[in-house]
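Enquirer: Sequence plus predicted model, see below.
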Amino acid sequence: MKNRMRKVSTMQVRLPVLLFLLMLAGLWMSIPTAVQAKERCRISVDTILASRQGSGVDSRLKQDVSELQNMFNYTSYQLLSSKTLNLKKGESGTVSLPGNRRLKITPHNIRENRADIALQMMKKKRTVFQSQVQLLNRGSLFVGGPKYENGNLIFKISGSY
Amino acid sequence: MTHVQSNSCDDALLIRYLDGDLGPDEKKGIEDHLQRCETCRRQLAFFSDFSQDFRNHVQRETDRVDFTPLEKEVINKALRQRYYKRGPSSLFASLKFAVPAAAVACLLLFFSYTRFAVDPVPTAPSAIINSFTGSMSSVMIFETPETRQTILWYNEEPDAESEHHAS
Amino acid sequence: MVHDEELILRLQRGDEWAFQLLVRRFRKKIYSVAYGITLDREESQDIVQEVFLQAYRNIVGFRGDASLSTWLHRITVNRCLNWKRRWARRFKWMHVSTDSNDDDAPAAEIESPLPNPEERVADAQTRQQIDNALKMLPEQIRTVFVLRELEGLSYEEIADVTGIKLGTVRSRLFHARKRLKEILQPRVKEEL
């Protein structure tokens, strides 16, 4: 009988404890990203060749192309490469791009919902441009468009942290 | 078995004596001590009196209660309980757990949506350009109207490329 | 007079009259234990209901390992010490008015000791002092004190009801009385 009574009170304790733990899990998931330590970020660089020759959109670009089609009159979009860097705050990473280009990316500050990122585009050994951008978490920046082959290159730079 | 020195005061033993929890030897020791120690006798009287006051107090409180309606309600509930036990009560009983579980599930869905879901209508541009330097003929910065996607467009001029060597 | 064993058998068969008898026989006992622990009239009445309903539900599984009285004591103590009730009580006690015109409000502090045995009078002030002093005891200690003082249970029986060790029962009773002495007899302590 003692065991039965203990079992009853254990069951009465388990459910509220379980609900409380689930509530904690839910609260944790809702914590803004600023509250959690942000030391790393994931930067992706997709290289797109946009052209007025030919037609067709690379199936991997369907989501992105709708944005570009609003702005440009290219008829064909092709994904040439997709590279990802996993960088710490202050750490630089370089991505090789077509046409002897390299893009150096350095996240400086990861705060709230944006990251401060330094971009340096280089062609051969020369710097083409340098830029400081604030990139939205899970957002992207399209940078274009140096001439390449029969079209223009567009670089989609995305970040998540 | 603890042998009580008849000349030492021990509150713990005194209380056990009050509650009848001592063996014969210990009890004798305490009783001998009480004959000689007025302090312990007063202590014992205090504990005993408080206990009596407490019992009287609870008794009065209990006597004030009209148990008839309470009894009726309990019996009705018990009979209803027995009736529902055979049928839909199992469903109602499970609701006791299902409802809070469903509430927690909804909360979890809500929190995970706000955490992981992509905002369909962004309220800020996807990228803010703080600075842009380089040798080029032109640069334009756009933002698409609906999704506020930032586009930076520059024109490289081959003869205007910087002489500065990249680090 | 129906003995407990027969009462149990009838209850297990679903005899409604037996359940009425159970309620009538034990209602005051359960109420006084509940009141001793919770010090709240309404809550104690709720607990009495809950105890009987639980007994009604679970009587089928009762194997007679303990007496009916002990079994009911256990259910009562568990109900009183249910965590939801404890939080509610704590909240309620923290927010009780300290208005001196409110008869039910506990005094902010206990200043005077209980009257000595010759002057003991069952008056409102004494009742209030008792309530206040008991509220200052941690609930698990008060529970043991209640079972000892109201129900006259032995230390072994208290251990059985509460599921704690005998040594813990002794320790809690000792602390209950020591704490009550500190609250109610601060002057006596100085004299000693």
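Expert: Sure, I can see it. Keep in mind it's a predicted model, so treat the numbers as computed, not measured.
Enquirer: Which positions within the helix or strand hosting C:F52 qualify as buried?
Expert: Using DSSP states H and E, C:F52 maps to helix C:41-58. For helix C:41-58, the buried set under the neighbour-count rule, 16 or more other C-beta atoms under 10 Å in any protein chain shown, comprises C:41, C:43-56. Backbone N, C-alpha and C define where each C-beta goes, glycine included.
Enquirer: For the helix or strand containing B:Q43, what is the distance to the chain centroid?
Expert: Taking DSSP H and E as the definition, one finds B:Q43 inside helix B:38-64. Here helix B:38-64 shows a centroid-to-chain-centroid distance of 36 Å under the convention C-alpha atoms, centre = their mean, to the nearest Å.
Enquirer: Run through the residues that contact B:L70.
Expert: Applying C-beta atoms under 8 Å, 6 or more residues apart in numbering or on different chains to B:L70 gives the contacts C:27, C:45, C:48-49.
Enquirer: tally of neighbours for the residue in chain C that chain A sits nearest to?
Expert: When distances are taken as C-beta to the nearest C-beta, chain C approaches chain A most closely through C:D65, which lies 4.2 Å from it. When neighbours are defined as other C-beta atoms under 10 Å in any protein chain shown, C:D65 has 12 of them.
Enquirer: State the distance from it to C:I8.
Expert: 12 Å (C-beta to C-beta, to the nearest Å).
Enquirer: Same check on B:E38?
Expert: Noted for B:E38: a distance of 50 Å to C:I8, by C-beta to C-beta.
Enquirer: More neighbours: the two, which one.
Expert: Counted by other C-beta under 10 Å, B:E38 and C:I8 do not tie: C:I8 has more neighbours, with 20 against 9.
Enquirer: Need the pLDDT of the more buried one.
Expert: Looking at C:I8, its pLDDT reads 90.
Enquirer: now do A:Q78
Expert: For A:Q78, the model assigns a pLDDT of 90.
Enquirer: Just list whatever residues bridge to the nearest residue to it once chain neighbours are set aside.
Expert: In space, not counting the residues next to it along the chain, A:Q78 is nearest to A:L49; the distance is 4.7 Å by C-beta to C-beta, 6 or more residues apart in numbering or on different chains. Beta-bridge partners of A:L49, counted by DSSP bridges, are A:Q78, A:L153.
Enquirer: near chain A at all, the longest helix along chain C?
Expert: In chain C, assigned by DSSP state H, the helix with the most residues is helix C:16-38. No: contact between helix C:16-38 and chain A is absent, the nearest approach being 15.0 Å (criterion: C-beta under 8 Å from any C-beta of the partner chain).
Enquirer: From B:Y154, how far out is the residue nearest to A:Q78?
Expert: Using C-beta to C-beta, one obtains 17 Å as the distance from A:L49 to B:Y154.
Enquirer: next one: B:A102
Expert: Distance from B:A102 to B:Y154, by C-beta to C-beta: 54 Å.
Enquirer: between those two, which one's more packed in?
Expert: Residue environment comparison for B:A102 versus B:Y154 gives the larger neighbour count to B:Y154, 21 against 11, counting by other C-beta under 10 Å.
Enquirer: show me what contacts the closest residue to chain A within chain B?
Expert: Per C-beta to the nearest C-beta, the residue of chain B with the smallest distance to chain A is B:G134, at 3.0 Å. For B:G134, the residues meeting the contact criterion (C-beta under 8 Å, 6+ apart) are A:121, A:127-130, B:154, B:162.
Enquirer: 6 Å - rerun?
Expert: Contacts here follow C-beta atoms under 6 Å, 6 or more residues apart in numbering or on different chains; on that basis B:G134 touches A:128-129.
Enquirer: so what's the residue of chain A found nearest chain B closest to, chain neighbours aside?
Expert: With C-beta to the nearest C-beta, the shortest gap between chain A and chain B falls at A:F129, namely 3.0 Å. Of all residues not flanking A:F129 in the chain, B:G134 sits nearest, at 3.0 Å (C-beta to C-beta, 6+ apart).
Enquirer: Quick check: phi and psi on the one you found?
Expert: In this entry, B:G134 is assigned phi and psi values of phi 160, psi 170 (degrees, to the nearest 10).
Enquirer: how about the helices in chain A?
Expert: With DSSP H as the criterion, chain A has helices at A:2-30, A:62-71.
Enquirer: Sorry, wrong one. I was asking about chain C.
Expert: Shown for chain C, the helices assigned by DSSP H span residues C:4-12, C:16-38, C:41-58, C:68-80, C:83-94, C:124-135, C:139-149, C:155-162, C:166-184, C:186-191.
Enquirer: Let me have those helices in a markdown table, extended by distance to A:Y77.
Expert: Converted to a markdown table, the helices of chain C look like this (distance: least, C-beta to C-beta, whole Å):
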| stretch | distance to A:Y77 |
| --- | --- |
| helix C:4-12 | 79 |
| helix C:16-38 | 73 |
| helix C:41-58 | 69 |
| helix C:68-80 | 69 |
| helix C:83-94 | 61 |
| helix C:124-135 | 76 |
| helix C:139-149 | 71 |
| helix C:155-162 | 75 |
| helix C:166-184 | 76 |
| helix C:186-191 | 87 |
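Enquirer: any chance of those helices in CSV, plus distance to chain B?
Expert: Formatted as CSV, the helices of chain C follow (distance: least, C-beta to the nearest C-beta, whole Å):
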stretch, distance to chain B
helix C:4-12, 10
helix C:16-38, 5
helix C:41-58, 4
helix C:68-80, 13
helix C:83-94, 13
helix C:124-135, 5
helix C:139-149, 5
helix C:155-162, 5
helix C:166-184, 5
helix C:186-191, 7
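Enquirer: who in chain A is up against chain B?
Expert: Contact residues, chain A versus chain B (C-beta under 6 Å from any C-beta of the partner chain): A:19, A:22, A:26, A:29-30, A:67, A:70-71, A:122, A:125-136, A:139-144, A:146.
Enquirer: just the buried members of those residues?
Expert: Buried members of these, scored by 16+ other C-beta under 10 Å, are A:19, A:22, A:26, A:30, A:67, A:71, A:122, A:127-136, A:139-144, A:146.
Enquirer: mind giving me the domain split of chain B?
Expert: As given by automatic domain parsing, the domain ranges for chain B are B:11-64, B:67-116, B:121-160.
Enquirer: Actually, chain C.
Expert: C:1-95, C:99-192.
Enquirer: now chain A
Expert: Chain A breaks down into these structural domains: A:1-30, A:40-160 (assignment by automatic domain parsing).
Enquirer: what about A:G90, how many residues close to it?
Expert: Under the neighbour criterion other C-beta under 10 Å, A:G90 is assigned a count of 10.
Enquirer: Quick check: the closest residue to it other than its chain neighbours vs A:L119, distance?
Expert: Of all residues beyond its chain neighbours, the one nearest A:G90 is A:H108 (6.6 Å), with distances taken as C-beta to C-beta, 6+ apart. When C-beta to C-beta is the yardstick, A:H108 and A:L119 sit 11 Å from each other.
Enquirer: out of the two, which sits in the busier spot?
Expert: A:L119 (23 against 12).
Enquirer: so who does the more buried one touch?
Expert: With contact set as C-beta under 6 Å, 6+ apart, A:L119 has these partners: A:S131.
Enquirer: same thing but 7 Å
Expert: Residues touching A:L119, when contacts are defined by C-beta atoms under 7 Å, 6 or more residues apart in numbering or on different chains, comprise A:103, A:105, A:130-131, A:133.
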